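Student: Predicted coordinates and the sequence they were generated for:
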Amino acid sequence: MKSKKVFCFGELLLRFSPTLQGQWIKSQTMPVHIGGAELNVAKALAKWEVPVGYCTSIPDHYLSKEIIHSLELEHIDCSSFLLQGNRIGTYTLPMGADLKNAGVIYDRAHSSFSELKVGMLDWENILQGYDWFHFSAISPALHQTIVDVCEEGLQVAKKLGLTISVDLNYRAKLWQYGKKPYEIMPALCSYATVIMGNVWSAHQLLATTLDPLLNEVCATSFYIEKAKKVAEEIFSTFPTCNYVANTYRFSEESSIDYYATLTTKKEHVISTAYHTDVVVDKVGSGDCFMAGLIYSDLQQMSPQEQINFATSAAFGKLQEVGDSTKQTIQQIQSRY
């Protein structure tokens with residue numbers, strides 16, 4: 001049977017990861033990671049031998065050529081890259097910190113990707129041969145023109161019959177162009193078959209109901225029930241959606257508790273729960289979860305197997321340096 005092909009669309013970013021207290025100045029070194037939410041998904045899928053393509057826009061210079069070469073070595077199809085503009089977007093996040101951390105510094109204005117406009121990407125040709133289209137809420141947070149580019153791609157993906165997934169990444173610092181997330185994201189999510197996020201991001205991006213009692217001291221059973229209610233609300237609002245995944249990641253000092261739920265129109269399943277007192281890098285764990293969800297669906301796993309695989313993949317990513325995972329299928333499955 002022919003392997004299904006996944007297409008990921010979003011901004012490629014360079015992440016600067018300094019060690020604070022002046023150590024990066026004294027050592028005159030700072031790690032640089034090639035990432036971006038959708039690219040992290042593509043990298044994980046390629047690692048797991050899923051045929052995958054990725055589309056973004058970066059300048060036409062030697063750094064870009066080195067980046068493309070490195071991605072092609074990872075078996076990611078970069079043929080739809082649009083080389084134009086003058087800069088690659090970046091962000092700075094201290095070593096070991098979380099992207100939801102207030103300390104993140106974005107430098108994405110006037111990047112090549114942010115200057116994309118409707119008509120610049122030949123979606124009809126780009127999406128030929130693909131079976132799945134993945135995007136996230138990060139690109140639409142940049143400005144209205146990128147929203148229009150996303151919807152242009154989604155319209156073609158829908159016409160071609162692709163499965164569509166969206167990660168409800170909520171980055172408050174990025175939504176700065178006069179629109180509230182819930183004014184933008186519902187229209188884009190109306191194309192999606194698979195919606196992944198959590199009860200808080202769904203509230204911010206889709207205006208779903210948020211129980212005022214929801215806080216980090218609630219019992220696990222309470223969170224699980226709220227995930228089910230939010231999923232049912234999403235199904236009601238977005239009839240195209242068949243799967244809703246909600247993740248829970250609670251941090252206390254250096255420890256993390258992690259579990260997730262997957263809700264279909266027939267069942268509501270809960271993952272294995274994980275705990276660790278050692279976290280190497282928090283960046284990319286949600287992207288790894290999304291990749292796990294896509295992979296397990298393509299492998300026709302049961303909903304219980306899907307949520308176990310995706311959650312284990314995300315948890316394992318917390319023990320890896322960098323934006324994307326290098327875990328094998330066997331390593332992920334050995335945890336549950």
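Tutor: That came through, no problem. Numbers count the residues shown, from 1 in each chain.
Student: what's Ile138 in contact with, if anything?
Tutor: Going by Cβ atoms under 8 Å, 6 or more residues apart in numbering, Ile138 touches Gly10, Glu11, Gly36, Ala37, Glu38, Asn169, Arg171, Leu174. Where C-beta positions appear, they are placed from N, C-alpha and C, glycine not excepted.
Student: between these, which is closest to Thr325?
Tutor: Distance to Thr325 across the contacts of Ile138 (Cβ to Cβ) is lowest for Ala37, with 13.2 Å.
Student: Which per-residue confidence value corresponds to the closest one?
Tutor: As predicted, Ala37 sits at a pLDDT of 96.
Student: got it, and the one 10 residues further on?
Tutor: Turning to Lys47, the model gives it a pLDDT of 98.
Student: Please report the distance of it from Pro94.
Tutor: Going from Lys47 to Pro94 by Cβ to Cβ, to the nearest Å gives 26 Å.
Student: More neighbours: which of those two?
Tutor: Per other Cβ atoms under 10 Å, whichever of Lys47 and Pro94 has more neighbours is Lys47, with 20 against 17.
Student: what's the burial count for Glu74?
Tutor: So Glu74, with other Cβ under 10 Å, has 13 neighbours.
Student: wait, it sits on Lys43?
Tutor: Yes. Using Cβ atoms under 8 Å, Glu74 is in contact with Lys43, at 6.1 Å.
Student: where do the helices sit along the protein?
Tutor: Under the criterion DSSP state H, the chain contains helices at 23-27, 37-47, 62-73, 123-126, 144-159, 181-189, 199-206, 220-237, 285-298, 303-317, 329-333.
Student: Val104: which of those helices is closest?
Tutor: Between Val104 and the helices of the chain, the shortest gap by Cβ to Cβ is with helix 37-47, which sits at 13.4 Å.
Student: In terms of secondary structure, what does that closest one contact?
Tutor: Judged by 3 or more Cβ pairs under 8 Å, 6 or more residues apart in numbering; DSSP states H and E, helix 37-47 is in contact with strand 6-9, strand 52-55, strand 76-77, strand 132-136, helix 285-298.
Student: please redo it, this time with the cut-off set to 6 Å
Tutor: Secondary-structure packing of helix 37-47 (3 or more Cβ pairs under 6 Å, 6 or more residues apart in numbering; DSSP states H and E): strand 6-9, strand 52-55, strand 132-136, helix 285-298.
Student: Tell me how far that helix lies from the chain's centre.
Tutor: 9 Å (Cα atoms, centre = their mean, to the nearest Å).
Student: From the rest of the structure, what touches it?
Tutor: 6, 8, 10, 12, 52, 54, 74-76, 134, 136, 138, 169, 284, 287-288, 290-291, 323-325 (Cβ atoms under 6 Å, 6 or more residues apart in numbering).
Student: tell me the angle of it relative to helix 285-298?
Tutor: Comparing the axes of helix 37-47 and helix 285-298 via axes from the mean of the first three to the mean of the last three Cα atoms, to 10 degrees yields an angle of 50 degrees.
Student: May I have helix 37-47 as CSV, with CA atoms only?
Tutor: In CSV, the C-alpha atoms belonging to helix 37-47 read as follows (Å, rounded to 0.1, in the frame of the first residue of the first chain):
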residue,chain,number,x,y,z
ALA,A,37,6.2,24.5,15.1
GLU,A,38,5.3,23.0,11.7
LEU,A,39,8.9,22.2,10.8
ASN,A,40,9.3,20.3,14.1
VAL,A,41,6.3,18.2,13.1
ALA,A,42,7.8,17.6,9.7
LYS,A,43,11.1,16.5,11.2
ALA,A,44,9.5,14.1,13.6
LEU,A,45,7.4,12.5,10.8
ALA,A,46,10.5,12.2,8.6
LYS,A,47,12.4,10.5,11.4
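Student: what's near enough to touch the nearest residue to Glu233 once chain neighbours are set aside?
Tutor: Leaving aside its chain neighbours, Glu233 sits nearest to Thr208 (5.0 Å; criterion: Cβ to Cβ, 6 or more residues apart in numbering). Contact analysis of Thr208 by Cβ under 6 Å, 6+ apart lists Ala202, Val230, Glu233.
Student: Throw the residues you listed into JSON lines and include pLDDT, thanks.
Tutor: JSON lines is the format used below for the contacts of Thr208 (pLDDT from 0 to 100):
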{"residue": "Ala202", "pLDDT": "98"}
{"residue": "Val230", "pLDDT": "97"}
{"residue": "Glu233", "pLDDT": "98"}
